[in-house]
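S.K.: Structure for the following, please:
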Amino acid sequence: MYQTTLPVVGAGFRGRDEQLARIVRAVEKLRAGGSEWLALLGSRKVGKTSLLLEASRRLGDRVVFAVLDVLDHVPVTAEVIRLLVLRVVERVFARDCGQSLEATIDPASYRAALAGSARFARLPGDLRQLLLGLHDLHLTASALAVLIQIPERLAEALDLPIVVAIDEFQELADLRVGRPAHDVLPMLRSAWQKHRRVAYVISGSARRLMIDLVASPRSPFFGHFALLEVDAFAQADAIALLVEGAVPGHAVSRQLAARAVAIIGGNPFYLQLLGEQLAGLASPLDEGALKEALSRLLFHRTGRLAMFFEAELARVVGRSAQALAILEQLARAPGRPADLQAALRLSSSSAVNYLARLGDVIRRRADDRYELTDPVMALWLTWRAPGGAAVPMTVVGDEGERDVARALADLGFELVYQSKASRGAFDLLAIRAGVMVGVQVKRSALPLHFTAAAWNRMEAEARRLGWRWIATAASREGVVTFLDPAHGRRRKGVGLSSSSAIVNLLAWIDDASPPRRRR
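M.R.: Residues are numbered from 1 along each chain as shown. Predicted coordinates:
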């Protein structure tokens, strides 16, 4: 089954063998008395949290593995350190207590549950008192310094190897506590570097910031972490995700999965979303179903992947029209700062500053051109920009559909791919100013010929949905002709010739009386 709302672990987890082996080696080194810290680098939704949780599951009782995602606790304050310590306490004592300590909201109930643990009774008295008062501790800089030591103290007192994993660690970069303000990162480094029974794993999606945190000589963590890349799935794993995750009755063939991966790549989150979209379509799933699923998912304002990218865009550009214009320009074609200056009439300093501001959503290539890091987001952004209505057909359409889509986009139409398996007779739905037009595409020179059954189906479908409709002839030379069905000639089916051509489609739509929707 596809899973998009929670991290994927257990039977649904696949791939990542190299990264899992690397984490296991770090744990075995910790158990042998050594210590190694890891920094996981990967884009958002690529599966870093799933990787950490799966590592925890597979390691089982060999180690106490505590994972905290900082973005689950925004806005980020010093409280996140208390929550991190509570997560460690949960992993150490919950089984012994027979209940979740994190889920115990009432401090008195938390203390009662913790005090009933035989493992807890083995701790030194001052550490017991500290843990019992964890909820009530006022988070000054000195209190935070005490909290940071708790995982090591627990590991030493109970002879337990502990791994503390912090996801989206870069969100702690600006965290300060106390008056005068103390930076939290130097406090963490100062304590962690003395710990011998605890290993630390950090991960983050802000690639440049994460690399700066662990590899810059200016960083308090310089030289402490080994970098571990978490990329999109390899092709074989990406295809397996779609094929093996299919729901009963909606099988995804390897051929169809390979086609999907060729279009949207190997990001597991995108693939899970696509799988769920396919599962909602009529079976059997074919190329038409893939086109419709991608159209609904990525090229529709309410598509889940489109809304994800919309949120990312808002986070990156805020209210800056100039930053948005730069992203749209780079989505169309990679470019150097000078190219952006010329296209957008920017000063050289403005172009450089905006590129720096856009952070990890763009990357610099070896030829010094900048491009969007995520090619799928680039596709979406090109579609979203003015004149981008034809973009979906360049990805999922055949040559005829692409030619027709470009012609309609030039006239200001928005376009939606229509799968005959689920939506009826038309190839495209063209929308302009609230007017919906069903479009039948023929990759053929004039005249066109339709069977009576196909023609009747188009007429009935347009009447039922309240759409206007047209036929289009897309020649091999790329010439597109819009045809008025009112001029169809019935003779062993229905024919449309050059005399049926619509010279001005926009005027034709305005002049045509709207069809009545059948009740």
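
S.K.: Contact partners for residue 233?
M.R.: 15, 241, 266, 267, 268, 271 (Cβ atoms under 8 Å, 6 or more residues apart in numbering). Placement of C-beta: from N, CA and C, glycine included.

S.K.: Now do the same contact list for the second one.
M.R.: Listed by Cβ under 8 Å, 6+ apart, the contact partners of residue 241 are 14, 233, 268, 271, 272, 275.

S.K.: okay, the residue nearest to residue 216 when sequence neighbours are not counted: pLDDT?
M.R.: Distance criterion Cβ to Cβ, 6 or more residues apart in numbering; nearest residue to residue 216, sequence neighbours excluded, is residue 222 at 6.2 Å. pLDDT recorded at residue 222 is 87.

S.K.: for residue 222, phi and psi?
M.R.: Here is the backbone geometry of residue 222 (degrees, to the nearest 10): phi -60, psi 130.

S.K.: what do you get for the one 5 residues further on?
M.R.: Per-residue torsions, residue 227: phi -80, psi 140 (degrees, to the nearest 10).

S.K.: Pick out the lowest-pLDDT one from the contacts of residue 241.
M.R.: Lowest pLDDT among these: residue 14, 86.

S.K.: What separation is there between that one and residue 20?
M.R.: For residue 14, the distance to residue 20 equals 11 Å [Cβ to Cβ, to the nearest Å].

S.K.: Compare those two and say which is more crowded by neighbours.
M.R.: residue 14 (19 against 16; other Cβ atoms under 10 Å).

S.K.: hmm, back to that, from what I can see the residue nearest to residue 216 touches residue 215, true?
M.R.: Yes. Taking contacts as Cβ atoms under 8 Å, residue 222 lies within contact range of residue 215: 6.9 Å.

S.K.: So, low pLDDT: which residues of this structure?
M.R.: Scanning the chain for pLDDT under 70 picks out the ranges 418-424, 512-519.

S.K.: mind giving me the domain split of it?
M.R.: 17-229, 235-298, 320-384, 391-511 (automatic domain parsing).

S.K.: mind checking which of those domains is nearest residue 1?
M.R.: domain 235-298 (6.2 Å; Cβ to Cβ).

S.K.: So residue 66: helix, strand or coil?
M.R.: With DSSP: H, G, I helix; E, B strand; the rest coil as the basis, residue 66 sits in strand.

S.K.: Okay, and the beta partners of it?
M.R.: Residue 66 forms beta bridges with residue 164, as assigned by DSSP bridges.

S.K.: Apart from its neighbours in sequence, what residue is nearest residue 201?
M.R.: Distances taken as Cβ to Cβ, 6+ apart place residue 165 nearest to residue 201, at 4.2 Å, with adjacent residues excluded.

S.K.: give me the number of residues near residue 349?
M.R.: Other residues near residue 349 come to 10 when the count uses other Cβ under 10 Å.

S.K.: For it, give me its contacts.
M.R.: With contact set as Cβ under 8 Å, 6+ apart, residue 349 has no partners.

S.K.: hey, where'd the helices end up in the stretch 301-450 of the chain?
M.R.: 304-317, 321-332, 337-344, 348-357, 375-384, 391-396, 399-410 (DSSP state H, counting those that start in this stretch).

S.K.: Residue 226 is nearest to which of those helices?
M.R.: helix 348-357 (27.4 Å).

S.K.: Pull out the CA atoms of that closest one and give them to me as CSV.
M.R.: The C-alpha coordinates for helix 348-357 follow below in CSV (Å, rounded to 0.1, in the frame of the first residue of the first chain):
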residue,chain,number,x,y,z
SER,A,348,24.5,42.5,-11.2
SER,A,349,24.4,42.8,-7.4
SER,A,350,20.6,42.2,-7.3
ALA,A,351,20.9,39.0,-9.4
VAL,A,352,23.7,37.6,-7.2
ASN,A,353,21.8,38.5,-4.0
TYR,A,354,18.6,36.9,-5.1
LEU,A,355,20.4,33.7,-6.2
ALA,A,356,21.9,33.5,-2.7
ARG,A,357,18.5,34.1,-1.1
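
S.K.: Just the buried residues of it, please?
M.R.: Across helix 348-357, burial judged by 16 or more other Cβ atoms under 10 Å covers 350, 351, 354, 355, 357.

S.K.: Give the bridge partners for residue 501, please.
M.R.: Assigned bridge partners for residue 501, using DSSP bridges, are residue 483.

S.K.: do you know how far it is from residue 430?
M.R.: Going from residue 501 to residue 430 by Cβ to Cβ gives 17 Å.

S.K.: higher neighbour count, the two?
M.R.: Each of residue 501 and residue 430 has its neighbours counted (other Cβ under 10 Å); residue 430 has more, 28 against 14.

S.K.: hang on, that one packs against residue 437?
M.R.: Yes. Using Cβ under 8 Å, residue 430 is in contact with residue 437, at 4.4 Å.

S.K.: Mutual contacts of the two, please.
M.R.: What both residue 430 and residue 437 touch, as defined by Cβ under 8 Å, 6+ apart, is the set residue 413.
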